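In: Take a look and give me a structure for this.
(one chain, ligands or ions: 1)
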Amino acid sequence: MKQRMRVTCGVIKQAGKFLIVQRAGGTSHAFKWEFPGGKVDPGETESECMARELKEELDIEVAVGERLIPIEREESNVIIELIPFFCTIIGGEITLLEHLQLAWIDINKPIQYDLCIGDYSIVDQLRG
Ligand SMILES: Nc1nc2c([nH]c(=O)n2[C@H]2C[C@H](O)[C@@H](COP(=O)(O)OP(=O)(O)OP(=O)(O)O)O2)c(=O)[nH]1
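Out: The predicted structure follows:
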């Protein structure tokens, strides 16, 4: 059986635009753009993971809101379940602790960034 990996990712909207961040070199999906987040640790709930990852990556405190429809992708020998959550910043200032750059995107315009492939399905959900 293939290994499953659950990954939460945060959808943060401000002034009508959505936050995406660019992965660093030397990681899987190096230099791709994504919604910030990461793998669910053993014993942790999805929303605990979401809040922890946004603190670790962006140094912000968030209220974790609605869970969107998860996206499942098969990659070499793992199945990645990407679980998006709407998040609202309740503390801190966005500081890039792991990523190279950030951008605020207008969801209704063509995306000018090279997103991780599964993230296009999140964009589709946000476009409704
Ligand atoms: N965080 C995040 N990961 C994504 C997205 N889309 C997507 O395919 N992925 C993939 C990339 C990685 O293979 C995996 C997440 O791993 P990660 O490296 O961000 O997770 P992590 O922070 O827990 O990793 P680490 O501690 O092991 O370095 O999911 C996305 O929008 N956000």
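In: In three-state terms, label the closest residue to residue 99 other than its chain neighbours for me.
Out: Among residues not flanking residue 99 along the chain, residue 21 sits closest, at 4.0 Å (C-beta to C-beta, 6 or more residues apart in numbering). C-beta here means a position set from N, CA and C on the backbone, and glycine is covered the same way. Put simply, residue 21 is strand when judged by DSSP: H, G, I helix; E, B strand; the rest coil.
In: What parts of this protein come near the ligand?
Out: Within the chain, the residues that sit near the ligand (C-beta under 6 Å from any ligand atom) are 7, 9, 27-29, 34-35, 37-39, 80, 82, 116, 118-119.
In: In strands, which of the residues you listed appear?
Out: Judged by DSSP state E, these include 7, 9, 34, 37, 38, 39, 80, 82 as members of strands.
In: Drop anything exposed from those.
Out: 7, 9, 34, 37, 38, 80, 82 (16 or more other C-beta atoms under 10 Å).
In: For the ligand, what is the nearest residue in the protein?
Out: Here the residue of the chain nearest the ligand is residue 38; by C-beta to the nearest ligand atom that distance is 2.8 Å.
In: For that residue, list each beta-bridge partner.
Out: Listed by DSSP bridges, the beta-bridge partners for residue 38 are residue 8.
In: Only the C-alpha atoms, please, for the helix or strand of the chain with the lowest mean pLDDT, written as CSV.
Out: Least confident helix or strand, the chain: strand 71-75 with a mean of 94, by mean pLDDT, DSSP states H and E. Provided in CSV are the C-alpha atoms of strand 71-75 (Å, rounded to 0.1, in the frame of the first residue of the first chain):
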residue,chain,number,x,y,z
ILE,A,71,-7.1,17.5,-3.1
GLU,A,72,-5.5,14.1,-3.4
ARG,A,73,-2.4,13.6,-5.6
GLU,A,74,-0.2,10.6,-6.2
GLU,A,75,3.5,11.4,-6.4
